[in-house]
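K.L.:
I'd like to go over a predicted model; first the sequence, then the structure.
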Amino acid sequence: MRREFDILTVELCPECEEPCCREPSRVGPVDLLLAEAVGWRSQAAQPLPDGLDEDGIPAHVGAPCRHLATGGCTMPADLRPYGCTAYVCRPMLRKLDRVRGARVRRLVRQMGEAHEAVLARVRRQQRGDQPLI
């Protein structure tokens, strides 16, 4: 999945008119837990701003993702958040031919199944049924 996305993100993301690496991000608590469990530490400079803007929307909505740096995502490539990795934007979909599109859909489905298994394990660990790692 990462190989497919890396090719597309290098080409499409720098000029994207609708960037997806925005707040609210797709980085969930389990994503952070897993990354921190193997030694990663967030490079997020500061917490998100509190309050609402003039339209009643939380002030941070639309701001760049806290985990985004000049060179891209600061999270380890092999531990990118599920929500980020599974998200296939419209510009990417338009670039995929039928064969690559089918491959990406299959990989997203398999990744979703693996993600559900991880979440189930985390839930069991939180109940005290077994250690996470």
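P.N.:
Here it is on my side, so go on. Predicted model only: the values in this text are computed from it and were never measured.

K.L.:
can you list the weak-confidence ranges in the chain?
P.N.:
Along the chain, segments meeting pLDDT under 70 span 45-59, 129-133.

K.L.:
all strands for it, in order.
P.N.:
Under the criterion DSSP state E, strands of the chain are mapped to 68-69, 72-73.

K.L.:
Neighbouring strands of the last one in the sheet, and parallel or not?
P.N.:
When sheet partners are counted by DSSP bridges, strand 72-73 sits next to strand 68-69 (antiparallel).

K.L.:
Please list the residues outside the partner strand that contact it.
P.N.:
21, 43, 74 (Cβ atoms under 8 Å, 6 or more residues apart in numbering). All C-beta atoms are positioned from the backbone trio N, CA, C, and that covers glycine.

K.L.:
if I look at the most centrally placed residue in the chain, how far off is residue 98?
P.N.:
Nearest to the mean C-alpha position of the chain, by Cα atoms, centre = their mean, lies residue 84 at 2.4 Å. Per Cβ to Cβ, to the nearest Å, residue 84 is found 25 Å from residue 98.
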